[in-house]
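Peer 1: Fold the stuff below for me.
(chains A and B)
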Amino acid sequence: MKTTQIVILGGLVLTLIGIFFTVALPYFMIQPPPSAAAVDWAKASPQVVKGRQVYVREGCFYCHSQQVRFNDETNEALRPDKVFGRASHEGDYVHDAPALLGTERQGPDLRWEGDRQPSDLWHYRHLWNPQLTSAGSIMPSFSYLFLAGSTDAKPLPAPEAEALVAYLLALKTNEAPPAAPGAVAAGLTLDTPLPAGNEQNGQALFTSQGCAACHSLKPDEKVVGPFLFGIGKTALTRIKAPDYTGKATSPETYLKESILLPSAYVVPGFPDAMLKDFGVKLNAQQLADIIAFLQTQ
Amino acid sequence: MFNQEGSTARRFIYSAVFWLIVPITYGLLLALHLWKPDLIFPWLNPLHLSFGRLRPMHVNTAAFGWLSMAQLGVMFYIVPRLTGTRLYSERLGNWTVVIWNIAILLGNITLALGMTQGREYAEFIWPIDIGVMLLLAMAGYNLFRTVGRRREKQLYVSLWYFLGTFTWFPVIYFIGNVMWVTPFNAPPGALWGGALMGVNDAIVNWFYGHNVVGLWFTTLGIGAMYYLVPKLTGNPLYSHRLSLIGFWTIAFTYIWTGTHHLVWGPVPRWTQMLAITFSVMMIIPVWTVIWNFVKTMEGKWNLILDSVPLRFLALGSITYFLVCLQGPLQSLRSVSLTTHFTNWVPGHAHLALLATFSYVAFAAIYEFLPRLVGRPVYSKALMDWHFWLVFIGFLFFFTGFTVGGLVQGISWNLQIPFLDVVKSIEPWILVRAVGAVLMFSGLYIFGYNVLRTAMKPQPQSQTTPMPAVAGGAQ
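Peer 2: I've put the predicted structure just below:
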């Protein structure tokens, strides 16, 4: 055989062997049943499907992964990642084409974004101007998905932004929350004793932790969550109200409970949209500082 | 005009240099955005150009505009010299250049309009993929026919690499872009076709994303290096046998490694382990190549002081060694635990494409262009500026990516809040932006130098005639 034929045939055979083991074999072997999280796009609402197309078109997947890894050398069983939730597996993606697993995290993972941040208002504000909800974010504004006349106080989403947010909210496990009410994933609990708080530091934390994104300090200004003007006093009436579902006995414990366990009591008329991870994000001193600051409002 | 000897190689090189200036401009905008998020996109948002659209424009134009066209220009220069015959068809070659330029232009326009397959490295939409397959067929046909009528009996190793590349890459491109899924039969979500369902899509995506580097850029680049190292040093190749071991081992091992991009991810453990095993085996082909070059260079290292092409080539060999040490390392599960998802990984990608194989392309263009146009490079001083700006710029650039990536990975493993980590790597983003500016300047100088060389002959060129076009590697 001539050398050229050896090169061409040999190269082709080696390539096909590799393709057989790394592409064809997985293709026939990976046929997982769909998990509760898998959305069948052929049957989903047109808005959610459109949202996925916008997600692909705007290249969201370059900076946001949609895979939570096992991240534990010793335990491969599905286990929660303390930041992003349960590890994702093959069954979560069965209907996805393209599969938007992503390879980079310039921004956080979005696989369970619908569970982590279920408020559509939050997402509109974030897409309109990321700094409103996430100070220090490097995400560009997607203002071109909003209608003319949008402002920081009131972004007006165009249909494409609505579709995109509908898609983001559909990214959830659809499983019963593993933690019983009253349990905090890690870090601070209601029983953690707090040191004396510092109002000034608390004020700075109120901004840097993104509280201001959803809570106004002015009276009667509704953003995503309730306004916090006068919360030092209104807290007392809240815990005495008949519909109160929490366990707090004082304004201080009410604020502690609301920050660590936002679902313990949700003010009527508002979504249960507050992030549930402040018990991990904050240390005891920071929590005390924020509570001290809020009590002066 | 399309029949002139060497015109295919020359036009490929000119086009490549144009397509180098475009994506580095995109890249600079992206780097500056990551440093100061309010700096760039408020200006581009009215055009609906956000980060997520500019990034694939940057990657695809750099990879398929600049580097692919440069490497094909170099290949079409080398092949006639190693076969002792003219290129089979300069006319076909020139049409390949024309259509290739159209494909890259359409690729830029469609990506800017948000038309994408949504898969990294495989973003070009289905109609452009058809064009790419046509281009591969045209270039491959020209190559095979030229080799088929060669007068030089021995098939030098560079030709092995070129023939191998044009054998396997069309297969890889077709499968990797899932070309049988067209816009007409695509599932919802994959508007522009080219995607499988489920995690298999990610496996095929990374099969492609990895092999486009390993079995296109690498094998074309190594083929050029095997020609350039003996040519620039004047030494014969140290070992022909070693070069063949390198060829067969890269052809065997590289194709298996793609799934190492999904380590710890939602794909079966065995697919990950297979990829990691073969990633580590990549050390064999790489070290045979490097050892061959080191031995061939023996006694001639002092030449790099004077010769910018040889300097680029030596530096490219060193970064090739480094990038191929880094690759197997970061495929390991323990390392991936920290480096994956971070800036470390794009740092690695730039080390392979912007450093290693672009350096080889610079060396080749500086060496071949004078022979193609019949006059020396416009300015030797600018060649030096190009080298030093790129060399120093890349050090900053790579450090910013790599250290920033390590800070990200370690912080995430410690469960530090995401936005705090974003803020903490800002200094490293700045280091990288500084590197990007330095390199950008160097590459602009390169573009200017090539432009001036391409234009009318300079008066001084009469006094220093270049050696005539001569065939055959030593």
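Peer 1: correct me, but A:L205 touches A:D289?
Peer 2: Yes - the pair A:L205 / A:D289 is scored as a contact, 5.7 Å apart, by Cβ atoms under 8 Å. Heads up, the C-betas are built off the backbone N, CA and C, glycines and all.
Peer 1: between these two, who's got more neighbours?
Peer 2: More crowded of A:L205 and A:D289, by other Cβ atoms under 10 Å in any protein chain shown: A:D289, with 25 against 19.
Peer 1: Can you list the low-confidence ranges for the stretch 151-297 of chain A?
Peer 2: A:177-186 (pLDDT under 70).
Peer 1: Where do the helices of it begin and end?
Peer 2: A:159-169, A:199-208, A:231-240, A:251-260, A:278-281, A:284-295 (DSSP state H, counting those that start in this stretch).
Peer 1: Where does pLDDT dip in the stretch 1-150 of chain B?
Peer 2: For the stretch 1-150 of chain B (pLDDT under 70), the answer is none.
Peer 1: The longest helix seen in chain B - contacts with which helices or strands?
Peer 2: Ranked by residue count and defined by DSSP state H, the top helix of chain B is helix B:380-413. For helix B:380-413, the elements it packs on are helix B:308-331, helix B:333-339, helix B:344-350, helix B:358-373, helix B:418-424, helix B:426-454, judged by 3 or more Cβ pairs under 8 Å, 6 or more residues apart in numbering or on different chains; DSSP states H and E.
Peer 1: Excluding chain neighbours, what is closest to the closest residue to chain B within the stretch 151-297 of chain A?
Peer 2: As assessed by Cβ to the nearest Cβ, chain B sits closest to A:K281 within the stretch 151-297 of chain A, at 4.9 Å. Leaving aside its chain neighbours, A:K281 sits nearest to B:P417 (4.9 Å; criterion: Cβ to Cβ, 6 or more residues apart in numbering or on different chains).
Peer 1: Can you get me a residue count around the one you found?
Peer 2: 18.
Peer 1: same check, this time on B:E298
Peer 2: 10.
Peer 1: And it, what's its pLDDT?
Peer 2: pLDDT for B:E298: 92.
Peer 1: Correct me if wrong: it contacts B:G234.
Peer 2: No - at 11.8 Å, B:E298 and B:G234 do not qualify as touching, with contact defined as Cβ under 8 Å.
Peer 1: For A:S88, give its distance to A:A99.
Peer 2: 11 Å (Cβ to Cβ, to the nearest Å).
Peer 1: just B:A112 next, same as before
Peer 2: For B:A112 relative to A:A99 (Cβ to Cβ), the value is 24 Å.
Peer 1: and B:L28, how far is that from B:D38?
Peer 2: 16 Å.
Peer 1: just the strands in the stretch 51-200 of chain A please.
Peer 2: All strands of the stretch 51-200 of chain A, identified by DSSP state E, counting those that start in this stretch, fall at A:80-81, A:85-86.
Peer 1: deepest of those, which one?
Peer 2: strand A:85-86 (a mean of 19; mean count of other Cβ atoms under 10 Å in any protein chain shown).
Peer 1: partners of it, with directions?
Peer 2: strand A:80-81 (antiparallel) (DSSP bridges).
Peer 1: Tell me who's in contact with the residue positioned nearest the centre of chain B.
Peer 2: Centroid-nearest residue in chain B: B:L353, 4.0 Å away (criterion: Cα atoms, centre = their mean). Contact analysis of B:L353 by Cβ atoms under 8 Å, 6 or more residues apart in numbering or on different chains lists B:62-63, B:67, B:213, B:217.
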